[in-house]
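Participant: Sequence isn't available, so here's the structure alone:
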């Protein structure tokens, strides 16, 4: 729950959130950790992408997950099967993770594990194509997912998320034959709001396009110089 | 944009919104109009359901649409093809329609058309499975849509929307054969948070299940005693 309200109050809240995000990022950098924030509509496939990615990168990189959901630990339980630390945050009525909630997650993580032994922390945000885009949590990169089933027009209708993204993944491409949809038109619409963003069209079922995404993650890690 | 903030402020905002919703509802009732608020994740098929429904009910019922989107008039333009008045509201950074925005829509509608000649006003909310659920806009019924592609667990993970719904439509059922999904499990999860809600499993492509939804709309109209 939230509301559009008084502009000065909005600016104060965003500033306070940004301060918290900078603080979280300083912790990550002190420990040599890269943090990636995954965002999308509900059901676009964030958890499944994460399952595949944990499986693929596990041997080469020490990872953990901060998992945001309004209620339940369903996704956290799915991810714990991959042998990585998973901190579940229930946001209650809140529609996105903010930097304070993620600070709580970092606190729990660093109590149970030596944070300096970690290379990469994934933040899986609440499923919402609007609100999470405006709240930094201390990440080094924002990754937005868009399922082919959501339609070609979404980048134009929800521009803030697509503008903020450092990487865009079009998911569930295995369903394309059953939809009246043109992948190239989705990409063109993304480019209208974010001309330079890397785009990967991926099926986590057939693994088509998945290697491109993994390469992007590896590059990010190398850029930040933590694990190789 | 919005934020979880101070509890007293939240309560005030929700009260102010509720007052506005009651005011809108009083207008609808004065004019003999039933108002239905359609809500779902982005891309679950609200606009397509509305297209089919306008086509099917057009001869028997005078309708209008208040169409909420962050930006663009893409959906409004799609719906105008069906010969009904469509008022587009761009919410900007806001993630849901509130009662004040809808009051603006009613104002525009009643300037251009005699509101007493209308029977049914559809409100299509911003695509968001979290935030619209808490902001009444003056509707007589809340209808939530959930696409089969979003996964079985969504009613448990986003319970507020499913608890608030007066009617639940499972959409895109024509895609079920290509997904690892059990329709009965989706229904059981909906029932966990809202035991009595009517559920319709619908494909707007094949029109399977569509007649059940139309009957629900017709019943709502008869209950409110406007058009028959």
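Facilitator: Okay, I see it. The structure presented is a predicted model; accordingly, all values stated were derived computationally and were not measured.
Participant: which residues touch residue A:213?
Facilitator: By C-beta atoms under 8 Å, 6 or more residues apart in numbering or on different chains, the contact list for residue A:213 reads A:49, A:53, A:169, A:200, A:202. C-betas here are computed from N, CA, C, even on glycine.
Participant: sec struct for it, please.
Facilitator: With DSSP: H, G, I helix; E, B strand; the rest coil as the basis, residue A:213 sits in helix.
Participant: now the longest helix seen in chain A and helix B:7-30, what's the angle there?
Facilitator: Determined from DSSP state H, the single longest helix within chain A is helix A:7-30. Between helix A:7-30 and helix B:7-30, the angle formed by their directions is 130 degrees, by axes from the mean of the first three to the mean of the last three C-alpha atoms, to 10 degrees.
Participant: ok, so of the contacts of residue A:213, who is nearest residue B:116?
Facilitator: Ranked by distance to residue B:116 (C-beta to C-beta), the contacts of residue A:213 are led by residue A:169 at 49.9 Å.
Participant: tell me the phi and psi of the closest one?
Facilitator: Residue A:169 adopts backbone torsions of phi -110, psi 120, taken as degrees, to the nearest 10.
Participant: Let me see the contact set for the most centrally placed residue in chain A.
Facilitator: Note on chain A: the residue nearest the mean C-alpha position is residue A:38, at 0.7 Å, using C-alpha atoms, centre = their mean. Residue A:38 makes contact with A:46, A:49-50, A:122-125, A:143, A:145, according to C-beta under 8 Å, 6+ apart.
Participant: same thing but at 10 Å, please
Facilitator: A:44-47, A:49-50, A:53, A:65, A:67-68, A:122-125, A:132, A:139, A:141-145, A:167, A:169 (C-beta atoms under 10 Å, 6 or more residues apart in numbering or on different chains).
Participant: when you check chain B, which of these turn up near it?
Facilitator: A:44-45, A:47 (C-beta under 10 Å from any C-beta of the partner chain).
Participant: re the thing from before, counting neighbours, which bits of the longest helix of chain A end up buried?
Facilitator: A:10, A:13-14, A:17, A:20-21, A:24-25, A:27-28 (16 or more other C-beta atoms under 10 Å in any protein chain shown).
Participant: about what we covered before: tell me the one of the contacts of residue A:213 nearest chain B?
Facilitator: Nearest to chain B among the contacts of residue A:213, counting by C-beta to the nearest C-beta, is residue A:49 at 13.3 Å.
Participant: pLDDT averaged over stretch A:97-111 - what is it?
Facilitator: Averaged across stretch A:97-111, the pLDDT comes to 97.
Participant: Of all the residues in it, which ones are buried?
Facilitator: A:97-103, A:105-106, A:109.
Participant: which pair in those residues spans the largest distance?
Facilitator: Taking C-beta to C-beta, no two of the buried residues of stretch A:97-111 sit farther apart than A:98 and A:109, at 16.9 Å.
Participant: circling back: now render the buried residues of stretch A:97-111 as CSV, adding secondary structure and distance to residue B:222.
Facilitator: Output for the buried residues of stretch A:97-111, formatted as CSV (DSSP: H, G, I helix; E, B strand; the rest coil; distance: C-beta to C-beta, whole Å):
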residue, secondary structure, distance to residue B:222
A:97, coil, 45
A:98, coil, 46
A:99, helix, 51
A:100, helix, 50
A:101, helix, 47
A:102, helix, 50
A:103, helix, 54
A:105, helix, 51
A:106, helix, 56
A:109, helix, 56
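Participant: show me which of those residues neighbour chain B.
Facilitator: A:98, A:100-101.
Participant: what's the neighbour count on the nearest residue to residue A:183 once chain neighbours are set aside?
Facilitator: For residue A:183, ignoring the flanking residues on the chain, the nearest one in space by C-beta to C-beta, 6 or more residues apart in numbering or on different chains is residue A:201 at 5.9 Å. Using other C-beta atoms under 10 Å in any protein chain shown, residue A:201 has 21 other residues around it.
Participant: No further queries at this time; thank you.
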